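Engineer: Okay, sequence plus prediction incoming.
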Amino acid sequence: MARKDSIIKLHAQLVNRRDALRQALAGDLSLLKALPEQTGGDVVDAALDAAQDDISSKLAEVESRELVLIDNAIERIREGNYGQCEVCNNKIPLARLNALPYAQTCIDCQRAVESGEVNIADLGLTLDTDVSFSDSEV
Ligand SMILES: [Zn+2]
């Protein structure tokens, strides 16, 4: 599949996910639960579990954070610079975008950020450095 087609598909996924998150934040979790599993799903699932007893605060925090990243990604698609690493400006591989549609950096830069080699604040970014990626992800 051409990169452009993949991005169109990812855009649809991002919009769906954003709508589900917005609805969930408004108190309706049905749409979010109906969505197929995605990367980041573990975090949300954990939050959903926690939400059984203690709804909203933890969940809302995770979802708000994801929502910001999704909004940024949708904005970048609109601007035409989606899929470009915010740090090194190289193209982020499609496999990584498929796994994490709102990825802002390539894996190398993500690692550099996590290890503190790159200070994301210098770049004016708000990267979610709590999220770490396993070696199996591209
Ligand atoms: Zn990079």
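Structural biologist: It's in.
Engineer: near the ion, which residues of the protein show up?
Structural biologist: Cys85, Val87, Cys88, Cys106, Cys109 (C-beta under 5 Å from the ion). All C-beta spots, glycine's among them, are computed from the backbone N, C-alpha and C.
Engineer: Counting neighbours, what do you get for Asn119?
Structural biologist: Neighbour count of Asn119, defined by other C-beta atoms under 10 Å: 10.
Engineer: err, Pro93, not the other one
Structural biologist: Residues lying near Pro93 (other C-beta under 10 Å) number 16.
Engineer: Would you list the phi and psi of it?
Structural biologist: Main-chain dihedrals, Pro93, degrees, to the nearest 10: phi -60, psi 140.
Engineer: Make residue 1 into 337 and carry on from there
Structural biologist: All set: I'll call the first residue 337, so the last point we hit is now Pro429.
Engineer: Any idea which helix or strand in the protein has the lowest mean pLDDT?
Structural biologist: helix 377-389 (a mean of 62; mean pLDDT, DSSP states H and E).
Engineer: are any of the residues of the chain next to the ion buried, and which?
Structural biologist: Neighbour-count burial (16 or more other C-beta atoms under 10 Å) applied to the residues of the chain next to the ion gives Cys421, Val423, Cys442, Cys445.
Engineer: Asn455 versus Gln349, what's the distance?
Structural biologist: 31 Å (C-beta to C-beta, to the nearest Å).
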